[in-house]
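this is a predicted model, with the sequence first.
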Protein chains: 2
Amino acid sequence: MQTTCVIGIDIGGTTTSLALVDRTGGVLGEATLATHSDQPGHILVDRLCDAVATLLAALPPHTTIAGIGVGAPNACYQRGTVENPPNLNWGASTNLVALFRQRYDVPTAITNDANAAALGELQFGGARGMDHALVITLGTGLGSGLIVNGELLYGAGGSAGELGHTTVDPDGRSCACGKRGCLETYVSATGLCRTACELLAQRREPSPLRDLSFNQLTSKQVYEAACGGDVIALAAFDTTARILGMKLADAVAHTAPEAIFLSGGLAAAGDLLLEPARRYMEEFLFVSYKGAIKLCRSELQEGNGAVLGAAALAWCEVDKMPLQY
Amino acid sequence: MQTTCVIGIDIGGTTTSLALVDRTGGVLGEATLATHSDQPGHILVDRLCDAVATLLAALPPHTTIAGIGVGAPNACYQRGTVENPPNLNWGASTNLVALFRQRYDVPTAITNDANAAALGELQFGGARGMDHALVITLGTGLGSGLIVNGELLYGAGGSAGELGHTTVDPDGRSCACGKRGCLETYVSATGLCRTACELLAQRREPSPLRDLSFNQLTSKQVYEAACGGDVIALAAFDTTARILGMKLADAVAHTAPEAIFLSGGLAAAGDLLLEPARRYMEEFLFVSYKGAIKLCRSELQEGNGAVLGAAALAWCEVDKMPLQY
């Protein structure tokens, strides 16, 4: 019997992951490559295609590739490009879709990692069967992908879902995007560290975090200190959760999702972040939404959530093709 | 030749308007009734049906009604009801759709006034041909309707688009909804007056507004003072525009509309509000949206925008019906 799968690829600044994924989210094979961010994009595509060939060689001979999906920073779905990626030395624009199409004549698409995560949650995770959902990725920054009427919302120009750059405080923290007070300067791994640093200045309690420089401080250390009962670290999580809860309530007032899923490194903090975020969100929700919005962790495994998301994108593209008889 | 039209109805606390509207937004007949908010909803429906009969009698004999659309406060599209309307003594729930269906066996739907305004803009106004747009109604409060992929977004439970209750300041002004710092406590006719009052306290310049009590102050007076060059009134508009611009930039980061349309009484202030709101929105926009989002006044006439919106809803329902041969 012929087995059909898609290639899901997640490109990061350091590591790139790929997997061959079937219709139900089953992983038939997977691999991880160093991205070599100093090399141009076409070299990475060559290396990825070699890795796919190796994976295919280990599978039954009638395994076919139906599509390719790529999650990458600064990806443009409409143009098929990665544009000015902050962590890759690829220049203004690299048409990854065109590069892959030279190797595989199958539907191929690219989107940013948060959109891919949303598609993964919709096809293989907790958002299965939902018409309206929101997926937030909490890593170095804050990404978001919106499911509306059962589909990923691209919006005009393909750029919907940049919740990380909504404003928390117009006179607030300086953001890498050039604005001030963006949500991701508060709610992200780096935002948590900035909040901890601010609290160390404002408060007087002793804390193991007082022995670390700003550059030494990581979200993992804040997490571990909080687990050990450190009041500064606990307050940092509470502050982060309050701002997250407030802005999630805003997001609900825009698109009214049934559920919100948190994924990415900081979501791994679990109830330390989720429990207060739920409480604060509920407080900030407009009366007609109160008690009706689920806030939970992504149901995709931390490890391969990103490639599953990219694979979900590939299956979406396959499904858009006219049936062939 | 047979003429087909729909009935568009806009129910307000004081006045209810109706119009017979053809496919292109042409008004074949219109009427205005006192709402009599102390009487139950079924009485209003009876009076509206009488008014429709009077309008029809003045039209060619082969004019047929294809559908009915109603815009009303606290309307639920999914249930066809008006629920706990703040300005009508109708109780917990009145199924207006069922009441109309007893009189006319045609597709009938109800939604809140801001959603109706968005549908009107999409079918008959400035959003014609757009896939993604946002319509903001600025009256006593702030309402919003979102066009996504060429359709009105209802979201889970039919409650998408409550931007008036997103948070500007978690410790800010008390809102009628029970929360603090909601957008509509700053950006609306009443919000403008509250801001003017605050500025009278903070600043020392003479102003004609200093002779008015809080209860006497109206947005029209603030507008007229601003037109006369009053610095307090001008500052009130600038503050209002800054908060509007900031929250519109947030809205763009959610759904990425091509254009945002302002309607309702306060939008009539024109460039006094629009010009600074455009400037501030541009300032707050995330880099990938800058220069790409139009902010303008509704292209529907102030007078009958609401009934045209309700008529647009009716045409949407008619179009959902299977074709009859």
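On my side now, so go ahead. Treat the numbers as computed from the prediction; the structure is a model and nothing was measured.

mind listing the strands for the stretch 1-150 of chain A?
Here the stretch 1-150 of chain A has its strands, by DSSP state E, counting those that start in this stretch, at A:3-11, A:15-21, A:27-34, A:63-71, A:75-76, A:81-83, A:93-95, A:108-111, A:133-138, A:142-148.

is the fifth one in proximity to chain B?
No - applying CB under 8 Å from any CB of the partner chain, one finds that strand A:75-76 is not in contact with chain B, the shortest distance being 9.3 Å. The C-beta positions use only the backbone N, C-alpha and C, and glycine is treated the same way.

which strands and helices sit next to that strand?
Under the contact criterion of 3 or more CB pairs under 8 Å, 6 or more residues apart in numbering or on different chains; DSSP states H and E, strand A:75-76 touches strand A:81-83, strand A:108-111.

the closest residue to residue A:5 other than its chain neighbours: what's it in contact with?
Leaving aside its sequence neighbours, residue A:5 sits nearest to residue A:20 (CB to CB, 6 or more residues apart in numbering or on different chains; 4.5 Å). Applying CB atoms under 8 Å, 6 or more residues apart in numbering or on different chains, we find residue A:20 in contact with A:5-8, A:27-30, A:52, A:55-56, A:59, A:63, A:65.

identify the bridge partners of residue A:20.
residue A:7, residue A:29 (DSSP bridges).

shouldn't residue A:263 be in contact with residue A:134?
No - between residue A:263 and residue A:134 there is no contact, the gap being 11.3 Å when judged by CB atoms under 8 Å.

most neighbours among the contacts of residue A:20, which one?
Ranked by the number of neighbours (other CB atoms under 10 Å in any protein chain shown), the contacts of residue A:20 place residue A:8 first, at 31 neighbours.

state the distance from that residue to residue A:318.
Using CB to CB, to the nearest Å, residue A:8 is found at 12 Å from residue A:318.

that older thread, possible to save the contacts of residue A:20 as TSV with pLDDT?
As requested, the contacts of residue A:20 are arranged in TSV below (pLDDT from 0 to 100):
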residue	pLDDT
A:5	97
A:6	98
A:7	98
A:8	97
A:27	96
A:28	96
A:29	96
A:30	96
A:52	97
A:55	97
A:56	96
A:59	95
A:63	93
A:65	96
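
quick one, phi psi at residue A:319?
phi -70, psi -20 (degrees, to the nearest 10).

which residues of chain A fall in helices?
Applying DSSP state H to chain A gives helices spanning A:41-57, A:96-103, A:113-124, A:189-202, A:219-227, A:231-255, A:271-284, A:305-320.

list the contacts of the fourth one.
Translated: helix A:189-202. So helix A:189-202 is in contact with A:138-142, A:173, A:184-186, A:207, A:209-210, A:214, A:217-219, A:222, A:232-233, A:235-237, A:239-240, A:265-266, going by CB under 8 Å, 6+ apart.

would you mind checking those for buried ones?
Among these, those buried by neighbour count (16 or more other CB atoms under 10 Å in any protein chain shown) are A:138-142, A:173, A:184-186, A:207, A:209, A:217, A:219, A:222, A:232-233, A:235-237, A:239-240, A:265-266.

ok, and the closest non-adjacent residue to the closest residue to chain B within the stretch 101-250 of chain A?
Using CB to the nearest CB, the closest approach of the stretch 101-250 of chain A to chain B is made by residue A:155 at 2.7 Å. Nearest residue to residue A:155 in three dimensions, chain neighbours excluded: residue B:256, at 2.7 Å (CB to CB, 6+ apart).
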